[in-house]
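Trainee: Structural data only, the sequence is not supplied:
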């Protein structure tokens, strides 16, 4: 009897996996999301699903790597980038519709040590052996970090101390685990955590990190994708985005979420 119960259980699991893998496309939206937007996206995805009944399938990563996956045929409906460049390139290649800014990110210099950072002078502290930044070649937050170091006149002097995360999420982990004494992370990652110390560089030191959303070719006829973009640009979502340390992006007319007419 016991083997039969196990067999039935395994059959049920396989059936569930098959149904999930073959879920009706119009009932779910597949999103490629920049790593820095992980926390707000998880909340927005949950609220969107509760509100509409549509499922969200989330894939997080660096904007550069997600862009490459989309160019190589990855099956995403919507792209939430950490920059404007990659969505623009996808639009020019005919792989996505006109992008629109959904959030504007901010950088902070952060340490999990409560007294280490009192300002930008912490960068030159003898206590600091490693400074984490996201990879400037693939992550907009990494490029912003380098712009800040250049504005401070310390880019060359600190180059040997820099450790590069694949994306902003890994950069945060370097600092959180103590593998780097401090690092440039997204303000959204440390907002409200109540630990460590930080310094927020003036916006004048680096280009605004305008993060664009884009309806991809695959999602153009997916009602779940259209509904999600409508939700993303709603006042409700804007308030959530602000709570995570971002400025809101552009407003979208109700019922016209990035769709080209």
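Mentor: Everything's here; your move. What you see is a predicted model, and the numbers here were worked out from it, not measured in a lab.

Trainee: hey, where'd the strands end up in this protein?
Mentor: Assigned by DSSP state E, the chain shows strands spanning 28-34, 55-61, 78-80, 100-105, 107-111, 131-134, 162-165, 182-186, 197-199, 209-215, 247-248.

Trainee: worst average pLDDT in those?
Mentor: Ranked by mean pLDDT, the strands of the chain end with strand 247-248 at the bottom, a mean of 91.

Trainee: and residue 168, what is it in contact with?
Mentor: When contacts are counted by C-beta atoms under 8 Å, 6 or more residues apart in numbering, residue 168 touches 34, 35, 36, 62, 82, 134, 139, 141, 142, 185, 186, 189. To be clear about C-beta, it is placed using only N, CA and C from the backbone, and glycine gets the same treatment.

Trainee: Mind putting those into TSV with distance to residue 177 and neighbour count?
Mentor: Formatted as TSV, the contacts of residue 168 follow (distance: C-beta to C-beta, whole Å; neighbours: other C-beta atoms under 10 Å):
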residue	distance to residue 177	neighbour count
34	22	31
35	17	26
36	18	34
62	19	27
82	22	32
134	16	34
139	19	30
141	19	30
142	19	27
185	13	28
186	17	30
189	14	23
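
Trainee: wait, which of those is closest to residue 56?
Mentor: residue 34 (15.2 Å; C-beta to C-beta).

Trainee: Is it possible to get CSV of the strands of the chain that adds distance to residue 89?
Mentor: Listed next are the strands of the chain as CSV, based on distance: least, C-beta to C-beta, whole Å:
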stretch, distance to residue 89
strand 28-34, 14
strand 55-61, 17
strand 78-80, 11
strand 100-105, 16
strand 107-111, 24
strand 131-134, 20
strand 162-165, 23
strand 182-186, 23
strand 197-199, 33
strand 209-215, 10
strand 247-248, 24
